[in-house]
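1. Predicted coordinates and the sequence they were generated for:
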Amino acid sequence: MEQPEDKKIRIGIEHLEENPQINLIELVGYVDSYNSKFFQETIIGYINNGDTKLIMDCQGLNYLSSAGIGSFVAISEELKGRGFIVLYNVHPKVLEVFSLLGFTKFFNICDTFEEAFQKAQELITDKVEPALSEADEKVTFPFSFECKVCGKKLKASKPGKYSCPLCQCSISIDPKGHITYQ
Amino acid sequence: MKQISIKVKFGALIGFLMALVVITISVILLNQEKKELIKRINRQGIILSKNLASTGAEGLTTSDELAILQTIADIMKEEGVVEVFLLDPKGEVLAHNDINEIGKEYDPKIWHSTFQKKERTTKPRLYKKEGEKIYDFSYPIYVKTFKKGERKEALLGFSHVEFSYSVIQNAIQKATLTVFILAFIILLLAIGASFFLTRLIVGPIMTIAKGAEEIGQGNLKYKISVNTKDELEFLANQFNIMTDQLEVAQQAMLEQERLKYELDIATSIQSALIPKEIPQIAGISISAYYNSAKEVGGDYYDFFKLDDGRLGIVIADVSGKGVPGAMVMVMVRSVLKTLAYSTKTAFNALISTNNLIYQDIKKGMFITAFYGILDPVKMVLQFANAGHNQLIVFRKGANKCETYSEPGIPLGIQGPKIFEESLRGRFLQLQKGDLILQYTDGITEAKNLQGEEYEMNRLLEVVLKNNQMDTDLLIKTIIDDLNAFCGEAEQYDDIALIAIRV
C-alpha cells in the first residue's frame, strides 16, 4: 500500500488469482491537482516494475479533477505498446468527466469486474492498443452523413469531390466511403 | 558600551576574593601570634623574675654579689630584656645590670604598686620609658629567719625583669611581612589560576560564539566543535542540531518562496493574456467576466476581429498549474489566434492548432478549448469544441435554452489523425435577440460548503430567468447567484464567462 503522509488516495495492487499476468489496482479516495503527481508516479512505478496489464477498480474513486484525468492520460501514454489499463465500477460523476473531455473512447471502461476481466483477457491475446486506432467505416452508397466541419446533414450518392453547401469546405469521398475534408 | 571580558571580570573577582581571604586569615593569625608572644613574654618574665628572686635571696643572705651579678648578666642575654635589678622594700637598688644605678632610690609606690602583701604576689606592669613600652615583671624575695626562736619569713626586696615591647613589635612585623609576601604570591597565583580557569570556560564559549557568527552569515553547514566533555560540549551539540533544523526550515521556506514567486509570475502572465478591451461590433452586445483562483489554474478567453468582419471567440482551460500552465496558455493563444486569420473554419483552426502544439506539450497536460466564429451579418455562429464545456444558446423566439456539446478531445494530447477523427464542427443559425454563453468549469464545478456543485441546471435557470437583461447585467446576475450558492466556500478554480447577444 503506497500511502506516504496521507496523500488522500490509497492505491492497492495485487496479482489476480484467475490470471497472475493481470494486476488488480484498487483506488480509494480522490485524485485532484494536489495528489495527481503522486498518483501518476505510483502507477507508472508499477508499470516500470513490470506490471503492465492493469485492471483498475474505481469503486472507491469518488472524485477526479481535470488534473487527475491528466494522470490517466499520462498513464495510458506510458502503457502504449507495453500493456493496457481497464477501468470498472467508475462513478457516474467521474465518468462524466471522462466523457466531457471526449476520453471515453480512449479508455477501456467497463461496468463490472467480470466485463473488465474479460476485456483484459481479450487485450492480452489481441495485443491491440485500445481504441487508439481509426475506425473503419464500411459504407454503401448512397449514404447519409454529417459534415464534420459544420454539422450539416448531407447525402452522397456516389464517390467524388463535393463542396459543403453550408460551410463551403471541400469533401472527398472515396469508393470505400472514406471521407476527407479540406 | 565598553565590554569587559569575562576573563578580566573573573580574574579580578577571584583575585580580590583570594586577597580578602588571605588578608583576613593573616590578620587573625597575626593577632593570635601577638597574643602568643605576649603570653610567652609573660611566662618568661615571671619565670625569670622568680629565678632572679631565688638567686637574689641566696645571694643577699650570703652576700654573694657575684652570683647575683652573674644571674643578672645571664638574664640580660634573653631576647627582649632591657633591664634587670633588685630593689629593697624601700626602693633602693640592691643590684642592677648597670652598675651606676646601684644605690639609687626608685619610687616604691610605683615599682611595688602591684604587690599584695597577704598573697605575696605581684602582677606584671606596663609602663612607658622614653617612648617605649616596657613590661615590668617583679617577684618578692623572701628569706627564712630565726628570730627570738621563731621561724619567720622576711621580705628582703623584689626582683625586676624589664621586657621591651619592641620584641613583640619586631616579631609581629617580621610575621606581617612574611604574610604579606605570601598573600601577594597567592594573589598572583589566584589571578593566574582564574585566568586559566575562565579560559577553559570562555574558550569553548568563544568557539560557540564564533560558530554562531559563521552560521549567522548563512553558512548553515558549519559545525561547531567543542570536546570538553561537559555542559559546553552539550551546548555546542545542541547548537549544531539547531543549525541542521534551521537548514531544513530554510530549504522549506525557500521552496515555498520559489513556488509563490512562480505563481506570481504565472498570474501576471495570465492576466496579460485576458483582453483589455471587448471589441465593438454594431448590433452585437458582448460581455465577459474573469476571476482567477488562488492557485493559477489557467483559464483564458479571447476575442479578435477577423479580416472579414467576423468575430473570433475563444475560451480555454489549461490543465496544468503554475508557470508551466501559463506558458502553455500563451502558446495556445498565440498559435490559435494566428491560425484563425488563415483558416476559414473553427474546425480547421483547432485542428491546425493541435498539429502545431501537440508535440510540445508535456505528457498528461492538455487544453480544452472552445473556438467560435460569429458572422454578425449572416447571424451564423460556427464553432468547434476541443473537450470544452457545452455551449449555451438562448433562443429568443422559442424562449428556451439549448445546449450544444459537439465531440472533440482536448488539444495537446493526440496527434493530428486522432484529433481530427474525434472533432466535429457545427454551424448554427441565430436570430436577432438570441444569446450565446460560454464558460469554464470554474462555474459549473464550483462547490458550496456542503460539497454540492453549482452544476449546469442552475446556470441554465439563471440565464432563462434573466434572458432579457443587458449582457453585462446578465453576467453580473449569474456571478452573484454563483457567489450566493458558494457562500463561504473557497474558490479553487478560475472562472471565465462570456455572454453575447446578437
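-> Sure, I can see it.
2. Quick check, central residue of the chain?
-> Just so you know, I chose chain A. Closest to where the C-alpha atoms of chain A average out (CA atoms, centre = their mean) is residue A:107, at 1.4 Å.
3. ah, no, chain B please
-> Closest-to-mean residue, chain B, CA atoms, centre = their mean: residue B:212 / 10.1 Å.
4. quick one: what helix or strand has that residue in it?
-> Using DSSP states H and E, residue B:212 maps to helix B:166-216.
5. With residue A:171 instead?
-> strand A:170-173.
6. So for the helix or strand following that strand, mean pLDDT?
-> Going down the chain from strand A:170-173, the next helix or strand is strand A:179-181, by DSSP H and E. For strand A:179-181, mean pLDDT rounds to 81.
7. list the buried ones in strand A:179-181?
-> In terms of neighbour count (16 or more other CB atoms under 10 Å in any protein chain shown), strand A:179-181 has its buried residues at A:179, A:181. Every residue, glycine included, has its C-beta placed from N, CA and C.
8. same question, stretch A:89-104
-> Quick answer for stretch A:89-104 (16+ other CB under 10 Å): A:89, A:90, A:94, A:95, A:97, A:98, A:100, A:101, A:102, A:103, A:104.
9. doesn't residue A:109 make contact with the fourth one?
-> This points to residue A:95. Yes - contact criterion CB atoms under 8 Å: residue A:95 and residue A:109 qualify, at 7.0 Å.
10. count of neighbours near residue A:164?
-> Burial of residue A:164 is recorded as 19 neighbouring residues (other CB atoms under 10 Å in any protein chain shown).
11. Would you quantify the distance from the residue lying closest to it once chain neighbours are set aside to residue B:286?
-> The spatially closest residue to residue A:164, leaving aside those adjacent along the chain, is residue A:147, at 4.6 Å (CB to CB, 6 or more residues apart in numbering or on different chains). Distance of residue A:147 to residue B:286, given as CB to CB, to the nearest Å: 28 Å.
12. Residue B:493 now?
-> Per CB to CB, residue B:493 is found 23 Å from residue B:286.
13. same deal with residue A:74?
-> Residue A:74 is 37 Å from residue B:286, by CB to CB.
14. Residue B:226 now?
-> 74 Å.
15. same thing with residue A:46?
-> 50 Å.
16. Looking at the two, which is more packed in?
-> Per other CB under 10 Å, whichever of residue A:46 and residue B:286 has more neighbours is residue B:286, with 20 against 17.
17. what lines up beside the helix or strand containing the more buried one in the sheet?
-> Assigned by DSSP H and E, residue B:286 belongs to strand B:285-291. Here strand B:285-291 has these sheet partners by DSSP bridges: strand B:495-501 (antiparallel).
18. Show the average pLDDT along the strand it pairs with.
-> Strand B:495-501 comes out at a mean pLDDT of 93.
19. right, and out of the buried residues of stretch A:89-104, which lies closest to residue B:439?
-> residue A:100 (13.0 Å; CB to CB).
20. My guess is that closest one contacts residue B:389. True?
-> Yes - assessed by CB under 8 Å, residue A:100 is found in contact with residue B:389 at 7.4 Å.
21. And the helices in the chain?
-> Went with chain A since none was named. A:36-48, A:66-79, A:92-100, A:113-126 (DSSP state H).
22. Not quite, go with chain B.
-> With DSSP H as the criterion, chain B has helices spanning B:6-62, B:65-76, B:108-111, B:166-216, B:231-273, B:322-342, B:346-357, B:416-422, B:441-444, B:455-465, B:471-486.
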